[in-house]
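Participant: Sharing a model prediction with you, sequence too.
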Amino acid sequence: MEEANSSQPYEEVKSKAVVKYSVPYPARFTKLQCNTDLNLPPSNWLSSSVDSYGLQHVLYEQQGFSSFRMAHMFPDCVGEVDVVSDAENIKNLLKIPYHKGAVSMMVHRIENTLLLDDFDIYKHILRTAETEWEWLKRFFFDMFKDNINQEQPYDSTVYFKSRSRKALRQKSLVSKFLYHSLGENGGNESLEWHDNRHLPVEGPVLHEPSPEEVPDPGSHVHKYNRNVIWTFEDIRMLIGTDMPIFGQGTHPCISLRLRDMSKPINVLTGIDYWLDNLMSNVPEVVMCYHLNGIVQKYELIKTEDLPHLDNSKFSPTVIREVAKSILSFLKSNATKAGHTYWLFKPKDEDVVKLYDLTSLCSKYAVEKDENPFTVPVAMLLYRVARNMKHSCERQEPGTVRMLLKNCIKLLAETKYPEIVTSSHYMLSDLYIPADTNPEAPNLEQEETEDAEFIFDDDLPDEKTEEDTKILILDSDHLHDKFVNHYKRPPPIVGSVEERCLQALRHVAAGLGCLQYFQKTNDDGESSKTIPEDEEIPMAKPFEPIPMPYTKITANNDVEGAAEVNQKNNKKTKKRKEKSRKRTEASSGSTTSVFESPNALLLKNKAEAQPLPTWQDFNDDHVSWKHHLKILLYEKAELVYATLAEQHYVAANYGASLRNLGLLVRCHHVLSKLYHSSNTLMKDCLLGRAGDCCIMVVQTWNKVEKHQNEFNTYLEEDEKMKEQLEKDEQLYNIKYVESSMKCVLIHEIRTIEQMLLKGVELYSEALKYGESESILLRLGNSLNELGTFFLNRARNSSSELVIFDSCHKAEPHLKKGLEMFEKIKNDNNVALLYTNMGHLHRILAHASSPTERCELTNKEKLHYNKAFMNYKKALQVLNDRNHCPGIWDVVKWELSTALFTMATILHDHPNPSLSRAEAEKEVSETLHQALKYCDLDEDNPKFPLYQFRAGLIHYRLGSLNHSIILNLPNDASNKKGVVHLAKLHYEKAISLFYASMDAVNYFTVQMQRCALIEYLAESSTLPQSKMNYYQECLEVLCDTKPMLEQIIEKKIELDDNIADDVECDGTFKTLKSLVGLLQGRIQCTLRHLTKLCLSKPPINKDCSKLTNVYKECYALTLKLDNKQNLYDVVVNINTVILEIESKLNLVHKDS
């Protein structure tokens, strides 16, 4: 084998190939002996035993629209590479500077990737029937009849690809040569895969596209020998190539080429060999030279030497620049996803034109999907979006959204409801993912550099640019760098509520598409026959291959070819039918609606296992419509749950209730679909609805806002309601029989209604499990409801309303108490006992007679029940530190109740009891009330307790005072009772003074003075009498501190009220008490003067005291009661000071 050598420096190009997928195993190369006749077929020619090397593809013609199949096979590459295409298309583009022939390709854009496919003008436009490709054919004739060839506007030979007998013979010779070159062990090696995909989400190998996934379903499915990601300079391409690769000894990777020794190699052939080797990372090519099929010699040439062979020299730099220029041209002009572009270079011209056929042919297309590329592009958009969405490495929700929106835009929902519905579902899942926690969505907010950036695909379809672009291929335009003009779509942004509403739009749209699904029979099978894929006609060894023509003529008999095609199709269908029947007989009938070619979501469990869980379900008799409806309603449940939580946190309780109602309706539809939803936890839903009802009550000042929110349905809600109403009617849903009917609130009317609804919701939630949270909330709601009735009773003057409200409140409070006791919540247990005590206080008050008399048995019963409940509350709390707030309330309530009862007992003794028994009962009750008075200064109710204690001591003093009045003078216990009376009066005076309560202060002082005067009057000894009156004078003088407080104006007086005005206010009472004080001072001084003047004198100081008492008495006579209160107080205080001064002098002298 000769090896070509060259010493000259070569132009370098950057080229790297990574195999994505490879079926053939590298064949072992066997060098043929000289004079081997290649015209004779080898024994293994076209044998299936050596199919593993892919040599059979040499005889095949290039298949059109292969980029779609490759993109479906490798959806992870779409968006990552710049181009997806057949290797032959790439070579045709790069050979443009050296080739003057016409180039025709269809271009489509999927995200950042261009799909390039050869477009045979002769086959698809000039040779087809009038009705096929009519929209493009009319455009072609209208646009090119004056531009392509003035003399022969319809000259088909310009676009006809050479299919001569000579070309076919050459292909056959090459095929035989390759089979001859196989080593002896050829066909025994096992297949080897080279799959460099690193998909984070495992998935099955994608099936070949169905007829509707490619523009030309008539062409047979062709798998390339290799799918390679080829990086040429800065351009990344996913290509398919069928070039066989051989290996031998020191040359493990070579390509074989058969050359006619009588003809020199030309430039185009050299470029072919060079590019083929670069695309597959093959370092060497072995040339086998022959003469009329007889092997002459071999030559080994390195790949980098190919551009410099004699007669075929070309510049790699030119090819590199052409690649950059053409790709930049396409990337900057083929920008609209879903549009079909036609790249066309006329024969013998250096101009490349790009036509936007979608825009230019809009007037020719009648239907939305008449363009045969529309549906395949949409299917591919869907496939890429689905793959990207479930990929962990490519988290680009903005791009997925753009792909799915374009897919929906391209497909008619009436014809492809499965894809459109699935796309809507995935769009909704982009906005609100299936694993979203409604309580804490944590939806990532991606930041954008320009918040107002709008992606091209979101713009309205306006004709703002020319629909035809031109690239001139000359030396001035071949030095532009490859610039990728693609900008990533904006990310998904927005608040949680905005994303929820977007998701709802797509859920409603998806549900709306379900009406276009094929009807299914009882067995779950589609009633409409779905055509199966056409069977691929396979060639058999040593059998002639039927050709679509009878003879080769200059005019190419198209009609004859059509007839033969029709016959072959009939035979194919018969073979297909036999094959299908054999398959059904062996494996059983498994045909179902899941085999619909429009449905790209895998439904079979075995197929769907590696895919995301939302596609996985078991029932083989569930139709696509049924399955997608479940998915969409599940998503609606999640969205409404999220919205309800968001509105609840934002205190929009009316909106939250509205969303919960719609959520329940969605759930009922799901239950009718025989689907157990994992999304919805009924106890949580019922609990949240109960929370909303209770919070509406607690914010009743904003009830109008809540009512407006509850009654205002958004546009998205209205669309969902339409779908819900249809399904509710379809499945005959009756909410009367539902356990969730309590969530469906019709309106927000009253506090009582909302409280009752809250209790009902919590009670229903409790049926699904006694969680501590639900028990706590139910207890709180029952307490709220009981308190509501208690407040109504307390504020009502109607006895009927009071008893009715109390009887309604009691069972709720008792049930609430049970709830809190279950969870051992001591604070709330104490609170409920307190409210129960308050309930019985209200009932005791309501049971009192109209005209107050002694305490009735019914009143006493309720008071005792109240005391019992209050004491239980204190017992539960144990001490104030446990819960100061409730502790203080309970003690105050208990003290008040005891004081109220003691007051009634004191003022209206029970006639059935003896005086002593009645007085004992009053005394014990008052002491109990005093016991629960918390006189700690840190207590917030300290002033109230101080006043209450003063009243209790006053009543205890009065009680003992009355006992004294009824005791005989010689009673043995009289002295003790007197002591108690004085003690309680003194404590009451001290407390009233601290409370700055002048009225009660003077009242108690006067009572104390009256007690001492009574003791003086009842005494028989003059000295005792004098002692009592002197004590009384001291008591009267002890009022000086309170008088000084009034003088210093620390106690407010209203001097504007006239003396003669009869008023029940403080002024009259205080003035009368001050007047009484003045009178008692005069009276006491008069009694003392008389006692001092009595004969015989009581003691030796009587003479001195007589003059002093007379002078003091004279001072009191100067007091004028007609002055205003303040002046009277000042004068009395002055008199008291002078009296004290005079008495002090007397005591000093004595």
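Facilitator: Sure, I can see it. Source: prediction; values computed, not measured.

Participant: From here on, just use CA atoms for contacts and neighbour counts.
Facilitator: OK.

Participant: Quick one: classify His1147 as helix, strand or coil.
Facilitator: Secondary structure, DSSP: H, G, I helix; E, B strand; the rest coil: His1147 is helix.

Participant: What's the separation between it and Asn1027?
Facilitator: For His1147, the distance to Asn1027 equals 14 Å [CA to CA, to the nearest Å].

Participant: which one of those two has more residues nearby?
Facilitator: Asn1027 (15 against 10; other CA atoms under 10 Å).

Participant: and whichever strand or helix holds that one, what other elements does it pack with?
Facilitator: Per DSSP states H and E, Asn1027 falls inside helix 1022-1037. Under the contact definition 3 or more CA pairs under 8 Å, 6 or more residues apart in numbering; DSSP states H and E, helix 1022-1037 sits against helix 998-1018, helix 1066-1093.

Participant: Which stretch among these is buried most, on average?
Facilitator: Mean neighbour count, computed with mean count of other CA atoms under 10 Å, is highest for helix 998-1018 among the helices and strands packed on helix 1022-1037, reaching a mean of 21.

Participant: that older thread, which of the helices and strands packed on helix 1022-1037 has the lowest average pLDDT?
Facilitator: Note on these: helix 1066-1093 shows the lowest mean pLDDT, a mean of 82.

Participant: so that helix versus helix 1022-1037, what angle?
Facilitator: 150 degrees (axes from the mean of the first three to the mean of the last three CA atoms, to 10 degrees).

Participant: sorry, back to before: can you redo the helices and strands packed on helix 1022-1037 as JSON lines with distance to Ser280?
Facilitator: Below are the helices and strands packed on helix 1022-1037 laid out as JSON lines (distance: least, CA to CA, whole Å):
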{"stretch": "helix 998-1018", "distance to Ser280": "111"}
{"stretch": "helix 1066-1093", "distance to Ser280": "111"}
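
Participant: if we compare the ones you listed, which one ends up closest to Leu327?
Facilitator: Of all the helices and strands packed on helix 1022-1037, helix 1066-1093 sits nearest to Leu327, with 100.8 Å by CA to CA.

Participant: What is that closest one packed up against?
Facilitator: Counting by 3+ CA pairs under 8 Å, 6+ apart, helix 1066-1093 packs on helix 998-1018, helix 1022-1037, helix 1102-1117, helix 1125-1149.

Participant: Deepest-packed of these, please.
Facilitator: helix 998-1018 (a mean of 21).

Participant: Who are the packing partners of the helix or strand just after the helix holding Asn1027?
Facilitator: Counting by DSSP H and E, the next helix or strand C-terminal to helix 1022-1037 is helix 1040-1047. Counting contacts by 3+ CA pairs under 8 Å, 6+ apart, helix 1040-1047 packs against helix 1125-1149.

Participant: Would you mind pulling the contact partners of the helix it packs on?
Facilitator: 1037, 1040, 1043-1044, 1046-1047, 1053, 1055, 1071, 1074, 1078, 1104-1105, 1108, 1112, 1115-1116, 1119-1121 (CA atoms under 8 Å, 6 or more residues apart in numbering).

Participant: Quick check: the gap between Lys920 and His927.
Facilitator: Applying CA to CA to Lys920 and His927 gives a distance of 10 Å.

Participant: Comparing the two, which residue is more hemmed in?
Facilitator: Legend: neighbour count by other CA under 10 Å for Lys920 and His927, higher for His927 (20 against 13).

Participant: What's the separation between the more buried one and Leu913?
Facilitator: Taking CA to CA, one finds His927 at 20 Å from Leu913.

Participant: give the contact list for Leu1011.
Facilitator: By CA under 8 Å, 6+ apart, the contact set of Leu1011 is His961.

Participant: of all the helices and strands packed on helix 1022-1037, which lies closest to Tyr735?
Facilitator: The nearest among the helices and strands packed on helix 1022-1037, by CA to CA, is helix 1066-1093 at 64.4 Å.

Participant: all helices of the stretch 801-950 of the chain, in order?
Facilitator: Secondary structure of the stretch 801-950 of the chain (DSSP state H, counting those that start in this stretch): helices located at 826-846, 857-877, 884-907, 915-931, 942-966.

Participant: Which elements pack onto the first one?
Facilitator: With contacts defined as 3+ CA pairs under 8 Å, 6+ apart, helix 826-846 has these neighbours: helix 772-795, helix 799-822, helix 857-877, helix 884-907.

Participant: so of those helices, which one's packed in deepest?
Facilitator: helix 772-795 (a mean of 22).

Participant: report the angle between the axes of that one and helix 826-846?
Facilitator: 20 degrees.

Participant: Packing partners of helix 772-795?
Facilitator: Against helix 772-795 (3+ CA pairs under 8 Å, 6+ apart) you get helix 682-698, helix 751-766, helix 799-822, helix 826-846.

Participant: Serialize those helices to CSV and add fields for mean pLDDT.
Facilitator: Output for the helices and strands packed on helix 772-795, formatted as CSV (pLDDT from 0 to 100):
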stretch, mean pLDDT
helix 682-698, 94
helix 751-766, 95
helix 799-822, 95
helix 826-846, 94
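
Participant: quick one: contacts for Leu275?
Facilitator: Taking CA under 8 Å, 6+ apart as the test, what Leu275 contacts is Lys91.

Participant: switch to 10 Å and redo it
Facilitator: The contact partners of Leu275, by CA atoms under 10 Å, 6 or more residues apart in numbering, come to 15, 87-88, 90-91, 94-95, 269, 281-282, 303, 306, 316.

Participant: mind checking pLDDT for it?
Facilitator: 93.

Participant: what secondary structure does it sit in?
Facilitator: Per three-state DSSP, Leu275 ends up helix.
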